[in-house]
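Q: with the input below, show me the fold.
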Amino acid sequence: MLVTTAALYFRAAGAVPVYVGGDEARFAIAASSIASTGRDPAGNRLPLFFHLSDSLNADQGGTRWYQPLLFYLMALAFRGLPVTEQSMRLPTAIIGVLDVWLIYLVARRLFADRGWATLAALLLALSPAHFIFSRQALDYICPLPFVLAWLWCVMAAAETGSVRMSLATGLILGLGFYSYIASWATMPLLLLITCGALYRSVASPGRPMLAATIGFALPVLAAIGWLVFHPDMWRDTVARYTAYDARHLSPLQGLKDFVGANVRERVSVYWDYFNPAYLFFSGGSNLSTATRRAGVFLLPVSILLACGIRELWRRHDASGAVLAAGLVVAPLPATLVGERYAIQRELVVLPFAVLIATFGALFLLRHSIRALRLSGMLLLLAMPVQFAFFCQDYFNDYRIRSAFAFDPANVRGIAEYLISSHSSGAVPPIYLSDDLDDVAARWRFYLIKHRREDMLTRSSLFTATGFDLRQAPAGSLLVLYANDPSVPALLGPEKCSVDTWVTDVAGRQSAVILRKAG
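A: Prediction:
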């Protein structure tokens with residue numbers, strides 16, 4: 001099953017999604033710099049957190065801070081492979097396969113049966129959301145190995161009361177703190193669940209709970225030290241997710257302001273994450289995170305999940321309580337920033353829901369009523385059928401219809417045209433419209449991919465509205481959206497002519513490259 005999963009998850013990873021997303025390009029740029037020099041693009045040696053610029057110049061400031069894990073995993077890939085779409089997506093595809101193996105180990109401990117463990121692994125491998133994010137070079141999926149390893153350890157600690165295993169649970173959560181920004185909220189919540197499970201299951205829970213807390217604190221202390229010396233990171237991150245006004249309010253004042261103004265709205269957002277239409281039909285509203293032809297989970301999981309919740313309610317054991325609590329807290333990070341249906345913010349829901357659904361399958365297939373056993377078998381048989389239709393759509397129609405969501409300008413096509421047109425000889429000044437989505441990151445990525453970083457010195461961003469064409473030298477190239485309203489004003493015998501129209505994978509005109517007269 002792992003071999004089949006790997007074949008599916010690695011299949012055409014460089015071609016589907018068809019374009020590189022803006023954050024994918026940022027990860028690849030910084031990882032390439034780490035792989036070649038040991039420093040990030042701004043010159044910082046092996047940073048704990050990455051501060052990336054939105055400009056063409058890496059040393060210019062920005063407000064984007066990223067967790068380190070995926071950068072270093074991608075840098076390892078780039079040490080032995082060229083910088084391409086395929087190699088940049090390799091680490092997350094490996095994480096996806098690793099998740100399937102880890103959930104097998106967790107389920108093996110939970111059910112004490114290889115068959116049910118294999119079913120849990122199959123349910124995760126066939127989850128559309130897990131499949132989609134295993135094929136993008138983004139850190140959304142990075143917390144899952146930590147959550148799964150934690151699940152195994154917390155079950156072992158609750159069964160045995162082992163201080164060493166309790167320490168391991170906290171240490172895993174503390175390391176997972178550096179996997180994705182939502183982990184700043186998720187991992188402390190899972191630590192609370194750990195303490196609750198230990199308190200409920202262990203005769204003398206004091207030492208195991210203390211060990212888990214110390215294990216968590218040890219890795220997190222590095223982040224606290226970093227924030228002391230880089231206070232802008234906290235302010236920029238809070239401002240980016242509009243949690244509160246971090247530049248004028250203290251964290252305590254911000255919490256008071258947040259609670260006072262947003263509770264009703266946040267409760268509404270939270271409940272939307274349990275909307276069946278989102279979970280089992282659409283998967284979200286953004287085409288870069290869902291096909292909208294399948295949900296976060298396959299449709300049969302809806303029945304299995306409901307039966308599993310009923311089974312957990314009947315069991316009343318520590319493992320079931322951990323799974324139920326994990327399912328409840330998974331949407332909280334996305335809720336705090338007020339985003340609805342953002343599955344990328346709550347991917348940690350996958351292992352909890354999958355394991356509960358496995359309990360549901362156990363309930364149906366072992367039921368004394370024959371009709372329920374038969375319905376359970378039909379639900380399981382329907383899953384690979386639906387997944388086959390999902391894959392058929394994903395590798396074909398979805399590849400085309402999602403292209404605009406990943407890169408509306410087709411910067412890859414722009415870069416390939418300009419690079420091939422100037423493979424020899426002088427490169428004219430290149431002006432890239434700052435309206436082009438994440439054009440700085442994507443442009444730098446494609447120059448690195450084609451080893452034409454020399455063209456970066458000839459490139460600059462410009463604002464098309466009100467642009468004084470006289471400041472551009474003769475022969476300069478201007479790149480804009482094909483439907484940019486400024487294009488007609490830039491055309492003329494003594495102004496610019498159309499050098500080429502760039503079309504996207506669907507055949508639509510996505511960008512235009514103008515050449516200044518003279």
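Q: count residues in the vicinity of residue 468, would you?
A: 7 (other CB atoms under 10 Å). The C-beta positions use only the backbone N, C-alpha and C, and glycine is treated the same way.
Q: quick one: it from residue 430, how far?
A: As defined by CB to CB, to the nearest Å, residue 468 lies at a distance of 17 Å from residue 430.
Q: in stretch 315-326, what's buried?
A: For stretch 315-326, the neighbour count (16 or more other CB atoms under 10 Å) marks 318-326 as buried.
Q: how about these in JSON lines, adding pLDDT?
A: What follows is those, written out as JSON lines (pLDDT from 0 to 100):
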{"residue": "318", "pLDDT": "89"}
{"residue": "319", "pLDDT": "92"}
{"residue": "320", "pLDDT": "93"}
{"residue": "321", "pLDDT": "94"}
{"residue": "322", "pLDDT": "96"}
{"residue": "323", "pLDDT": "97"}
{"residue": "324", "pLDDT": "96"}
{"residue": "325", "pLDDT": "97"}
{"residue": "326", "pLDDT": "97"}
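Q: run through who's touching stretch 490-510.
A: Under the criterion CB atoms under 8 Å, 6 or more residues apart in numbering, residues 18-19, 399-401, 403-404, 408-410, 413-414, 417, 464, 467, 469, 477-478, 480-483, 511-517 lie in contact with stretch 490-510.
Q: quick one, strands of the stretch 101-250 of the chain?
A: Using DSSP state E, counting those that start in this stretch, the stretch 101-250 of the chain contains no strands.
Q: need the helices for it, in chain order.
A: 114-125, 128-133, 143-160, 163-176, 183-201, 206-229, 231-240 (DSSP state H, counting those that start in this stretch).
Q: worst average pLDDT in those?
A: For the helices of the stretch 101-250 of the chain, mean pLDDT drops lowest on helix 231-240, to a mean of 83.
Q: helices and strands around it, which ones?
A: Under the contact definition 3 or more CB pairs under 8 Å, 6 or more residues apart in numbering; DSSP states H and E, helix 231-240 sits against strand 64-66, helix 206-229.
Q: for that helix, list the C-alpha coordinates in CSV.
A: The C-alpha coordinates for helix 231-240 follow below in CSV (Å, rounded to 0.1, in the frame of the first residue of the first chain):
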residue,chain,number,x,y,z
PRO,A,231,10.3,41.6,18.3
ASP,A,232,9.2,42.6,14.8
MET,A,233,8.5,39.0,14.1
TRP,A,234,5.6,38.9,16.6
ARG,A,235,4.2,42.2,15.5
ASP,A,236,4.4,41.4,11.8
THR,A,237,2.9,38.0,12.3
VAL,A,238,0.0,39.3,14.4
ALA,A,239,-0.6,42.1,11.9
ARG,A,240,-0.5,39.7,9.0
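Q: please identify the buried residues of that helix?
A: In helix 231-240, counting by 16+ other CB under 10 Å, buried: 233, 236-238.
Q: if we can go back for a sec, take the buried residues of stretch 315-326 and write them to CSV, including secondary structure and distance to residue 57.
A: Output for the buried residues of stretch 315-326, formatted as CSV (DSSP: H, G, I helix; E, B strand; the rest coil; distance: CB to CB, whole Å):
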residue, secondary structure, distance to residue 57
318, helix, 54
319, helix, 52
320, helix, 54
321, helix, 52
322, helix, 48
323, helix, 48
324, helix, 50
325, helix, 46
326, helix, 43
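Q: which among the residues you listed gets closest to residue 372?
A: When the buried residues of stretch 315-326 are ranked by distance to residue 372 (CB to CB), residue 320 comes first, at 20.4 Å.
Q: what helix or strand does the closest residue to the closest one other than its chain neighbours sit in?
A: Nearest non-adjacent residue to residue 320, counting by CB to CB, 6 or more residues apart in numbering: residue 312, 4.0 Å away. Assigned by DSSP states H and E, residue 312 belongs to helix 300-315.
Q: which residues does residue 201 contact?
A: With contacts defined as CB under 8 Å, 6+ apart, residue 201 is in contact with 158-159, 161, 318.
Q: and those residues, which two are the farthest apart?
A: 161 and 318 (11.3 Å).
Q: follow-up on the earlier one: can you add distance to residue 306 and give the buried residues of helix 231-240 back as a markdown table?
A: Converted to a markdown table, the buried residues of helix 231-240 look like this (distance: CB to CB, whole Å):
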| residue | distance to residue 306 |
| --- | --- |
| 233 | 42 |
| 236 | 42 |
| 237 | 37 |
| 238 | 38 |
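Q: closest to residue 385 among the residues you listed?
A: residue 237 (43.1 Å).
Q: what's opposite the nearest residue to the closest one once chain neighbours are set aside in the beta bridge?
A: With CB to CB, 6+ apart as the criterion, residue 237 has its nearest non-adjacent residue at 5.5 Å, and that residue is residue 65. Beta bridges link residue 65 to residue 51, judged by DSSP bridges.
Q: okay, residue 65 and residue 177: tell me how far apart.
A: 14 Å.
Q: ok, residue 305 touching residue 353?
A: Yes. Assessed by CB atoms under 8 Å, residue 305 is found in contact with residue 353 at 6.0 Å.
Q: overlap in contacts, the two.
A: Contacts common to residue 305 and residue 353, judged by CB under 8 Å, 6+ apart, are residue 297.
Q: with residue 488 as the reference, measure out to the closest residue to residue 135 other than its chain neighbours.
A: Among residues not flanking residue 135 along the chain, residue 13 sits closest, at 5.4 Å (CB to CB, 6+ apart). Noted for residue 13: a distance of 40 Å to residue 488, by CB to CB.
Q: neighbour count for these two, which is higher?
A: residue 13 (20 against 8).
Q: so the more buried one, which of the three states?
A: coil (DSSP: H, G, I helix; E, B strand; the rest coil).
Q: could you chop this structure up by domain?
A: 142-229, 407-516 (automatic domain parsing).
Q: okay, how far is it across the shortest one, tip to tip?
A: Meaning domain 142-229. 26 Å (CA to CA, to the nearest Å).
Q: and if you look at the longest one?
A: Start-to-end span of domain 407-516 (CA to CA) is 26 Å.
Q: give the rounded mean pLDDT of it.
A: 95.
Q: quick one: residues contacting the residue most central in space within the chain.
A: Geometric centre of the chain, nearest residue: residue 140, 2.4 Å, by CA atoms, centre = their mean. Residues in contact with residue 140 (CB under 8 Å, 6+ apart) are 133, 180, 344-345, 347.
Q: residue 69 too?
A: Taking CB under 8 Å, 6+ apart, one finds 139, 142, 178-180 in contact with residue 69.
Q: please redo it, this time with the cut-off set to 10 Å
A: Shown in contact with residue 69 (CB atoms under 10 Å, 6 or more residues apart in numbering): 91, 95, 139, 142-143, 145-146, 175-180, 183.
Q: ok, now residue 128?
A: Counting by CB under 10 Å, 6+ apart, residue 128 makes contact with 283, 290-291, 293-298, 343, 386-387, 390-391, 394.
Q: over to residue 335?
A: Applying CB under 10 Å, 6+ apart, the residues contacting residue 335 are 185, 262, 265-273, 329, 342, 345-346.
Q: which ones among the residues you listed map onto helices?
A: 185, 262, 265-272, 329 (DSSP state H).
Q: make a PyMOL selection of whichever of those residues turn out to be buried.
A: Buried members of these can be picked out in PyMOL with the line below, counting by 16+ other CB under 10 Å:
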select buried, resi 185+262+266+269+270+272+329
